[in-house]
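Student: Sharing a sequence plus its predicted fold:
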There are 2 protein chains.
Amino acid sequence: MVNRIISLIFVWKHKAIIKHMATPNNKKVAIGIDIGGTNTVFGIVDKKGNFLTEGKMKTADYGEVEVFLAALNEKIRLHLKKLNEKVEVQGIGVGAPMGNINKGTIEYAADLPWKGIIPLADFFKQYTKLPVIVTNDANAAAIGEMVYGGAKGMRDFVVITLGTGLGSGIVINGELVYGHDGFAGEIGHTSIRPGESNRQCGCGRKGCLETYVSATGIKRTTFKLLGDMTEDSELRNYSFNELTAAKISEAAKKGDKIANRAFEHTGRMLGFKLADVVAHTNPEAIFLFGGLTLAEDLIFEPTRRYMEQNLLEIYRGKVKLLPSKLNTQNAAVLGASALVWNNNK
Amino acid sequence: MVNRIISLIFVWKHKAIIKHMATPNNKKVAIGIDIGGTNTVFGIVDKKGNFLTEGKMKTADYGEVEVFLAALNEKIRLHLKKLNEKVEVQGIGVGAPMGNINKGTIEYAADLPWKGIIPLADFFKQYTKLPVIVTNDANAAAIGEMVYGGAKGMRDFVVITLGTGLGSGIVINGELVYGHDGFAGEIGHTSIRPGESNRQCGCGRKGCLETYVSATGIKRTTFKLLGDMTEDSELRNYSFNELTAAKISEAAKKGDKIANRAFEHTGRMLGFKLADVVAHTNPEAIFLFGGLTLAEDLIFEPTRRYMEQNLLEIYRGKVKLLPSKLNTQNAAVLGASALVWNNNK
């Protein structure tokens, strides 16, 4: 209760709004926000995709979404104030897990500290009159790939984001697929196999693809392999909480058998399910995006091999599996900002 | 070689073409053709979906596609000749497994007697100058459902056809998804689980959904259950070649335990994979179409139950699972004919 009161005071105190400064010669910019389970990153981006400024805060530090938004708003306001040039903000694009474009909400996001349905766009209204476009972070990445990345000119492609979880954005005929309820493209929550004997997922179900294929997924696989196999491995020195996908990747590059097997298994699961993705929408290309792709061929080679092995004959050798051409560091923010331009087109 | 010569003579002899009679007051019609593994059915259909005439022939009787087409052309010509009213044929719509809209081909269809890539539209050119639109039979059914059936006014839905195999047509934003190579919507060839220990599929791979969910699939399941279980069953009196989905359905309705278990398992597999379908495109509804749906709740109840069980929370209770509103008997032909109107719109 006390916390609640403090948070309300905090919200009130920071009610300074992101101003919409409309003067003819000002540079038109969009604010892109990527809300992730660990960090929230934002940027002020022009139409060409140049970052005027960017900032970051820890999502996990904010138990209450109202407090989080007040703090975020204030951070963005300060960044706008410090800019050397005059800008005119066109809108705010937000990429967030389970972001719903139709309602401007985040709904039941397993990886965020806030539960249930969060009316994000409505909360933003106390700070700004600008349009606030909320979608799945992976949808934002797909829009970013289409506007600024390797999917320029492509009409049918899929972007898979490999972070804490596995997100996806599906583009068909040059348009992002939002679906009837605004929740299309949850490929991370398709299932590896029927039955109850599968890995538990943060979503409450079992056997979801992201429990195998994500930074967390490969860590889980590695721990299973450390139990199953007897080979020596430098990864035997880490606790579950200490181990990271980057460490598994480093070990694999040095020839660590268990780490290599973990990548092989991750690629096997991803390739297997990407063959299903192809059987749904028959894309020209699938882009992999996010931290795990920094492992390059360690992840691309087995994924491509198992995808081809599992593809129906008519698709074989035709679907490109490519690394995202967006800089991983700010791509999600770039994608979120692209939502604003895509919305205004 | 002799066969080849005979077939060529046959083709030449029947080179009488389907005429395109363009007189102002003639009724505009489309020819719809549904090529299935067992039968090929065709109809002459007006824009409102009324059948002026329909006919049928055995696909399996024709080892050579050229001979098949010559015979089909001749049959259609005779049907046109016998019509009581003057018509103006607007085009030919063909639904066929692995039909490719971009190229007018049938490619590697496991269920048809002709192997490899068949340039169907090109072959038709020797008989007619009319537009020939070839697509997946399930895509044709989806167009039919949208133009004449239960999906009227819907923008996002999926049609699953349950026949010898399992076909599917995906509609997003009111448009059928053809994909980059024209082969989208092969949900029958998504996989139940990774690995080699799965059922063999006619496509050369293992574990495809249609090996479980189709008229053939439920027969395979029944045979496995007859082996696994000890319960008495009237189905123990049939050979594999004698048993049909209709017989399993009849037995289930009479309380046969093995038959009921077979439907339960079929619904389990379908529901499991439909949850994946929803996670891809988030449709408003999924329509089931074809012979197996005549079993009504025997198939709908377990499918709905397992689909809901496997759905990600955000989708639960939102996606309608409905029987096709097209008459099963001529729906595929109706859908194929609708391709012509959809092409002209």
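Tutor: Structure's in. What do you need? Note that the coordinates shown come from a computational prediction; the quantities given were computed from them, not determined experimentally. Numbering: from 1, shown residues only, chains lettered A, B, ... in the order given.

Student: Now do the strands in chain A.
Tutor: Applying DSSP state E to chain A gives strands spanning A:27-35, A:39-46, A:51-58, A:87-95, A:99-100, A:105-107, A:117-118, A:132-135, A:157-162, A:166-172, A:175-176, A:285-289, A:320-323.

Student: Return the most buried member of those strands.
Tutor: strand A:157-162 (a mean of 30; mean count of other CB atoms under 10 Å in any protein chain shown). Heads up, the C-betas are built off the backbone N, CA and C, glycines and all.

Student: List the strands paired with that one, with their directions.
Tutor: strand A:166-172 (antiparallel), strand A:285-289 (parallel) (DSSP bridges).

Student: Tell me the spacing between A:Asn343 and A:Gly165.
Tutor: According to CB to CB, to the nearest Å, A:Asn343 stands 25 Å off from A:Gly165.

Student: likewise A:Lys257?
Tutor: From A:Lys257 across to A:Gly165, the span is 27 Å (CB to CB).

Student: Same check on A:Gln200?
Tutor: 13 Å.

Student: Which one's more surrounded, these two?
Tutor: Comparing A:Gln200 with A:Gly165 by neighbour count (other CB atoms under 10 Å in any protein chain shown), the higher total belongs to A:Gly165, at 29 against 12.

Student: Grab the nearest non-local neighbour of the more buried one.
Tutor: Among residues not flanking A:Gly165 along the chain, A:Glu210 sits closest, at 4.5 Å (CB to CB, 6 or more residues apart in numbering or on different chains).

Student: what sits against that neighbour?
Tutor: By CB atoms under 8 Å, 6 or more residues apart in numbering or on different chains, A:Glu210 lies in contact with A:Gly165, A:Leu166, A:Gly188, A:His189, A:Cys201, A:Thr216, A:Gly217.

Student: Which of the residues you listed sits closest to chain B?
Tutor: Closest to chain B out of the contacts of A:Glu210 is A:His189 (4.5 Å), distances taken as CB to the nearest CB.

Student: I'd say that closest one and B:Glu313 touch.
Tutor: No: contact between A:His189 and B:Glu313 fails when scored by CB atoms under 8 Å: they sit 9.4 Å apart.

Student: Looking at the two, which is more packed in?
Tutor: Taking neighbours as other CB under 10 Å, A:His189 and B:Glu313 compare with A:His189 leading, 29 against 14.

Student: Next up, the contacts around that one.
Tutor: A:His189 neighbours (CB under 8 Å, 6+ apart): A:Cys201, A:Cys203, A:Arg205, A:Cys208, A:Leu209, A:Glu210, B:Ala279, B:Leu312.

Student: Hmm, A:Lys219 and A:Leu243 touching each other?
Tutor: Yes: judged on CB under 8 Å, A:Leu243 makes contact with A:Lys219 at a distance of 5.3 Å.

Student: Report the separation between A:Val158 and B:Leu334.
Tutor: 32 Å.

Student: I meant A:Tyr306, not that one.
Tutor: For A:Tyr306 relative to B:Leu334 (CB to CB), the value is 40 Å.

Student: Please say which of the two ends up with more neighbours.
Tutor: Counted by other CB under 10 Å, A:Tyr306 and B:Leu334 do not tie: B:Leu334 has more neighbours, with 30 against 22.

Student: Quick one: residues contacting the nearest residue to that one once chain neighbours are set aside.
Tutor: Leaving out its chain neighbours, the residue that sits closest to B:Leu334 by CB to CB, 6+ apart is B:Gly144, at 4.7 Å. Counting by CB under 8 Å, 6+ apart, B:Gly144 touches B:Leu326, B:Ala331, B:Ala332, B:Leu334, B:Gly335, B:Ala336, B:Ser337, B:Ala338.

Student: Can you tell me how far the last one is from chain A?
Tutor: With distances taken as CB to the nearest CB, to the nearest Å, B:Ala338 is found 20 Å from chain A.

Student: My guess is that residue contacts B:Ala141. True?
Tutor: No: using CB under 8 Å, B:Ala338 is not in contact with B:Ala141, being 9.4 Å away.

Student: So if I had to pick from the two, which one is more boxed in?
Tutor: Set side by side, B:Ala338 and B:Ala141 show more neighbours around B:Ala141, with 32 against 28, by other CB under 10 Å.

Student: so where's the longest helix in chain A?
Tutor: helix A:257-281 (DSSP state H).

Student: buried residues in it?
Tutor: The neighbour-count check on helix A:257-281 (16 or more other CB atoms under 10 Å in any protein chain shown) flags A:258-281 as buried.

Student: Run through the neighbouring helices and strands of it.
Tutor: With contacts defined as 3 or more CB pairs under 8 Å, 6 or more residues apart in numbering or on different chains; DSSP states H and E, helix A:257-281 has these neighbours: strand A:157-162, strand A:166-172, helix A:215-228, helix A:245-253, strand A:285-289, helix A:297-310, helix B:257-281.

Student: Strand A:166-172 and that one, what's the angle between them?
Tutor: Counting by axes from the mean of the first three to the mean of the last three CA atoms, to 10 degrees, helix A:257-281 lies at 30 degrees to strand A:166-172.

Student: for chain B, what are the nearby residues on the stretch 51-200 of chain A?
Tutor: For the stretch 51-200 of chain A, the contact set with chain B under CB under 8 Å from any CB of the partner chain comprises A:98, A:107-108, A:155-156, A:170, A:172-173, A:175, A:177-187, A:189-194.

Student: show me where pLDDT drops low in chain A?
Tutor: A:1-24, A:328-329, A:345 (pLDDT under 70).

Student: For the residue of it most remote from its centre, what are phi and psi?
Tutor: In chain A, counting by CA atoms, centre = their mean, A:Thr230 sits farthest out from the average C-alpha position, at 35.3 Å. Phi and psi for A:Thr230, reported as degrees, to the nearest 10, are phi -110, psi -10.

Student: Likewise for the one 3 residues further on?
Tutor: Backbone dihedrals for A:Ser233, given as degrees, to the nearest 10, come out at phi -160, psi 140.

Student: residues contacting it?
Tutor: Per CB under 8 Å, 6+ apart, neighbours of A:Ser233: A:Leu226, A:Ala251, A:Asp256, A:Lys257, A:Ile258, A:Ala259.

Student: Can you give me the neighbour number for the third one?
Tutor: Read it as A:Asp256. A:Asp256: 20 surrounding residues under other CB under 10 Å.

Student: Chain B versus that one, what's the distance?
Tutor: For A:Asp256 relative to chain B (CB to the nearest CB), the value is 24 Å.

Student: what's the nearest residue to that residue if we skip its chain neighbours?
Tutor: A:Asp256 sits nearest to A:Ser233 (CB to CB, 6+ apart), 5.3 Å away.

Student: can you check the second one too?
Tutor: For A:Ala251, ignoring the flanking residues on the chain, the nearest one in space by CB to CB, 6+ apart is A:Ala259 at 3.8 Å.

Student: Quick check: the one you found touching A:Ile248?
Tutor: Yes: at 4.9 Å, A:Ala259 counts as touching A:Ile248 under the criterion of CB under 8 Å.
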